[in-house]
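1. output the structure for:
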Amino acid sequence: MTLPTIYELGFDPLLNRGLPTMPDVLQSSISNNISTGVLGSGEMIGNYTIKDGYFQSSNFVSGSAGWQLSPTGAEINVSTAILSLDIPDATTASSFHTDSDGNSYWGCNVADFATDNDNAKAYILKTGVAKLQDVSVVGTISGRSTATIASAINASGNFIDANLDTSGKEILGDFTFGASGAIKMITDADNGLWISPTGILAKKAGANTFTIGIDGSPTFVGTITASAGSIGGWSIAATSLYYDGATDVVSSGMSSVDYPFYAGAKYANRATAPFRVTPEGRASVSSLARTDLHWFEMFSSLDNYGQTIVGTGTIGLNQGLALTTSGAVNDYCEVTRGVAPSVDFSWDKARIIKFNVRINYNSSQNIYLVSGSLGTYVARKMGFWIDDNIIYGWSADGADNETIQLATIASAPRDYLLVAELIPGDSVVFYVNNPSTTYSLSNYVPSGNTDAGSPIQAEVQTTTTAQRAITIGYYDFWQANI
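-> Residues are numbered from 1 along each chain as shown. Alright, predicted model coming up:
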C-alpha cells in the first residue's frame with residue numbers, strides 16, 4: 001500500500017494546509033491522468049481538457065478584476081498581450097484581424113490583406129490611415145457638430161448652406177472679404193482674374209490687361225467692342241457715335257450711313273448741321289478759317305510765271321499750260337513760279353503736289369514736273385521725271401538725289417494724274433492715277449527752307465530732231481502750316 005504524499009494531504013511545500021485538498025478539486029474536473037505531483041510543483045505536462053467548471057484567478061470579480069476560463073467562455077479583466085488576433089481564423093474572407101504590426105482590418109483574410117490593403121472592406125492602419133464603407137458619427141468632429149456638417153453637405157457631396165450652393169453653383173448670400181482677400185479665377189500667378197475689396201484685375205502673361213479701381217476708373221489693354229450703350233454721355237449704336245448736348249452748339253457725332261462727321265446739331269438734326277461731311281467726302285461748313293497753304297492753278301494766265309525757251313518752242317495757254325519744244329536736239333521750254341518772301345514755305349512741313357498732265361510722246365524726251373529747284377540734279381526738290389517713256393518719282397536733299405520707277409508710257413498721247421506727298425524727315429510718297437498703289441523714296445528727303453518757296457517748275461526737253469510737248473491741265477499745291 002502506497003501512502004499519500006504531503007501534497008495529497010493538502011500541504012504546500014511550507015507545510016501549510018489549505019481546504020479543500022487538490023484531489024478533491026481536480027477529481028471531478030480534470031481527466032487524462034494528470035499527476036497531482038506535477039500540479040503541486042506548478043507545472044502541467046501534456047494536453048488537458050476542462051470538462052466543466054472553470055479556472056480563475058484568486059482576485060477574479062466578474063466585470064471588474066482578474067480572469068476566468070471555462071469550457072463555454074472566458075472573461076479577462078487584466079492587461080493582456082496578444083501577438084495577433086484572427087477571428088474566426090486567418091483564412092476566412094469575412095473575418096476580423098489585428099496583426100503584430102498594429103494594423104486592424106475587416107472583410108478579408110490575412111493573405112489578401114498582405115497583398116493589397118484595399119482588399120479589406122475596412123481597415124485602420126498603425127499610421128492612422130483608415131478606410132470605412134459607411135460611418136455615422138454622433139457628436140463632434142474636430143470640435144464641429146456632426147449635425148451641422150451633415151446639414152451643410154448633402155448626400156451627393158455638395159456644400160449647401162444659406163450663403164453657398166455648390167450643387168447649383170450659386171452664391172446665395174453675402175461674402176465679406178478682408179483687405180487682402182479676393183475671389184480668384186486663375187491658371188497661375190501671371191494669368192487670370194482677381195476680384196478684391198480694392199477692385200478688379202485681369203492679367204495675361206504677367207501684364208495687366210484690365211483693371212477697375214473702387215473709384216470706378218477702368219483701364220483696358222486691347223479692343224473694346226460695344227454695339228450699344230453710352231460712355232461719358234456719348235451714345236453708342238451699331239452705325240453711330242454721338243453726343244446730344246443741352247444745345248446744338250455743344251452737340252456733335254458720327255453717323256456712318258449718311259454723315260460720318262457732323263457738329264453743331266443734335267443727332268436727329270445732323271442733316272442740317274453747320275458742319276457735316278458725307279460718305280463721299282462732300283463737306284458743308286458755315287465758315288472756314290484755314291492756316292495751311294493751298295494753291296490750285298488751272299492756268300488762265302501766265303502772269304508772274306518765269307518762262308524760258310531754248311530754240312523756237314512755245315509756251316501758251318490751250319486748255320491748260322501748253323509747252324512745246326522746237327525740233328532741235330536738247331531744245332527745251334520751262335516755266336517757274338516762286339514766292340517772295342517765302343518765310344512760310346518749308347520742307348519741314350507736310351506738302352502735296354498734283355499734276356494733271358497730258359504727255360504727247362513716249363520717246364526721246366525729258367520732262368520735269370517738280371516743286372523745288374531744277375537748277376541741278378541734287379537741288380532740293382520733290383516731283384517727277386519722265387525719261388523717254390518711263391515715269392520716275394524724284395527726290396533730292398541738296399547733297400544727292402534718287403529716283404524710283406512708277407509707270408511706263410505704253411502709247412501717247414496719254415493723260416496722267418501724278419501725285420507726290422512729302423512726309424517731313426521721313427519720305428516722299430508717289431502714285432500715278434491710282435492712290436491705292438504707292439511708291440516711296442526715303443534716302444534723300446528735302447529739308448529746311450532752301451528752294452521751298454518754289455511751288456512749281458515744269459520743263460519739257462527734246463533729245464531728238466523732233467518737237468516734244470505736254471499740256472498741264474491743272475496743278476494743285478498744298479502745304480501744312482504747323
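
2. centre-most residue in this protein?
-> By C-alpha atoms, centre = their mean, the chain has its centre lying nearest to Lys204, at 4.4 Å.

3. quick check: phi and psi at that one.
-> phi -140, psi 120 (degrees, to the nearest 10).

4. mind listing the helices for the stretch 101-250 of the chain?
-> 110-115, 146-152 (DSSP state H, counting those that start in this stretch).

5. could I get those helices as JSON lines with mean pLDDT, distance to Leu69 and mean neighbour count?
-> C-beta coordinates here come from the backbone N, C-alpha and C atoms, glycine included. Putting the helices of the stretch 101-250 of the chain into JSON lines (pLDDT from 0 to 100; distance: least, C-beta to C-beta, whole Å; neighbours: other C-beta atoms under 10 Å) gives the following:
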{"stretch": "helix 110-115", "mean pLDDT": "94", "distance to Leu69": "26", "mean neighbour count": "14"}
{"stretch": "helix 146-152", "mean pLDDT": "76", "distance to Leu69": "41", "mean neighbour count": "13"}
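
6. list the buried residues of stretch 173-193.
-> Judged by neighbour count (16 or more other C-beta atoms under 10 Å), stretch 173-193 contains no buried residues.

7. now stretch 436-449
-> Tyr439, Ser440, Leu441, Tyr444, Val445, Pro446, Ser447.

8. before we move on, back to that, so which of the helices of the stretch 101-250 of the chain gets nearest Ile82?
-> Closest approach to Ile82 among the helices of the stretch 101-250 of the chain is made by helix 110-115 (14.9 Å; C-beta to C-beta).

9. low-confidence ranges in the stretch 151-300 of the chain?
-> 160-162, 164, 175, 177-180 (pLDDT under 70).

10. just to revisit the earlier point, a markdown table please, covering the helices of the stretch 101-250 of the chain and showing distance to Val249.
-> Output for those, formatted as a markdown table (distance: least, C-beta to C-beta, whole Å):
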| stretch | distance to Val249 |
| --- | --- |
| helix 110-115 | 92 |
| helix 146-152 | 64 |
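
11. and Arg270, its phi and psi?
-> Dihedral pair for Arg270: phi -60, psi -30, per degrees, to the nearest 10.

12. so it is in contact with Thr278, correct?
-> No - in this structure, Arg270 is not within contact of Thr278 by C-beta atoms under 8 Å, at 11.0 Å.

13. neighbour count: these two, which is higher?
-> More crowded of Arg270 and Thr278, by other C-beta atoms under 10 Å: Arg270, with 22 against 13.

14. got phi/psi on the residue lying closest to that one once chain neighbours are set aside?
-> Nearest non-adjacent residue to Arg270, counting by C-beta to C-beta, 6 or more residues apart in numbering: Tyr262, 4.5 Å away. With angles defined as degrees, to the nearest 10, Tyr262 sits at phi -160, psi 160.

15. ok, Tyr262 - contacts?
-> With contact set as C-beta atoms under 8 Å, 6 or more residues apart in numbering, Tyr262 has these partners: Ser252, Gly253, Met254, Ser255, Arg270, Ala273, Phe275, Arg276, Val277.

16. among these, which pair sits farthest apart?
-> Between all members of the contacts of Tyr262, the farthest pair (by C-beta to C-beta) comes out as Ser255 and Phe275, at 13.4 Å.

17. ok, the helix or strand hosting Phe477: who's next to it in the sheet?
-> Taking DSSP states H and E as the definition, one finds Phe477 inside strand 469-479. Partners of strand 469-479 in the sheet, by DSSP bridges, are strand 293-297 (antiparallel), strand 321-324 (antiparallel), strand 351-359 (antiparallel).

18. what's that strand in contact with?
-> Counting by C-beta under 8 Å, 6+ apart, 292-299, 318-325, 345-346, 349-361, 367, 369, 371, 415, 455-456, 458, 460 sit against strand 469-479.

19. filter these to the buried ones?
-> By 16+ other C-beta under 10 Å, those give 293, 297, 299, 320-325, 345-346, 349, 351-361, 367, 369, 371, 455-456, 458, 460 as buried.

20. need the strands paired with strand 469-479 in JSON lines with distance to Ser286, can you?
-> Output for the strands paired with strand 469-479, formatted as JSON lines (distance: least, C-beta to C-beta, whole Å):
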{"stretch": "strand 293-297", "distance to Ser286": "19"}
{"stretch": "strand 321-324", "distance to Ser286": "35"}
{"stretch": "strand 351-359", "distance to Ser286": "26"}
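
21. out of these, which comes closest to Ala114?
-> Here strand 351-359 is closest among the strands paired with strand 469-479 (C-beta to C-beta), at 94.2 Å.

22. beyond that closest one, next helix or strand please.
-> strand 365-372.

23. chain center to that following strand: distance?
-> 54 Å (C-alpha atoms, centre = their mean, to the nearest Å).

24. pretty sure Thr291 contacts Lys349?
-> No - between Thr291 and Lys349 there is no contact under C-beta under 8 Å: 11.1 Å.

25. so what's Asp101 up against?
-> Applying C-beta under 8 Å, 6+ apart to Asp101 gives the contacts Lys126.

26. how's this structure carved up into domains?
-> 85-131, 140-171, 183-220, 229-285, 295-479 (automatic domain parsing).

27. looking at those domains, which is buried most?
-> Of all these, domain 295-479 carries the top mean neighbour count, a mean of 18, counting by mean count of other C-beta atoms under 10 Å.

28. how far away from the center of its chain is it?
-> 52 Å.

29. again with stretch 105-120
-> With C-alpha atoms, centre = their mean, you get 52 Å for stretch 105-120.

30. mind putting the contacts of Tyr262 in JSON lines, secondary structure and distance to Asp303 included?
-> Shown next, in JSON lines, are the contacts of Tyr262 (DSSP: H, G, I helix; E, B strand; the rest coil; distance: C-beta to C-beta, whole Å):
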{"residue": "Ser252", "secondary structure": "strand", "distance to Asp303": "43"}
{"residue": "Gly253", "secondary structure": "strand", "distance to Asp303": "46"}
{"residue": "Met254", "secondary structure": "strand", "distance to Asp303": "44"}
{"residue": "Ser255", "secondary structure": "strand", "distance to Asp303": "46"}
{"residue": "Arg270", "secondary structure": "helix", "distance to Asp303": "44"}
{"residue": "Ala273", "secondary structure": "coil", "distance to Asp303": "40"}
{"residue": "Phe275", "secondary structure": "strand", "distance to Asp303": "36"}
{"residue": "Arg276", "secondary structure": "strand", "distance to Asp303": "38"}
{"residue": "Val277", "secondary structure": "strand", "distance to Asp303": "35"}
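
31. name the nearest residue to Ile309, sequence neighbours excluded.
-> Closest to Ile309 by C-beta to C-beta, 6+ apart is Cys333, at 5.1 Å.

32. appreciated, that's everything.
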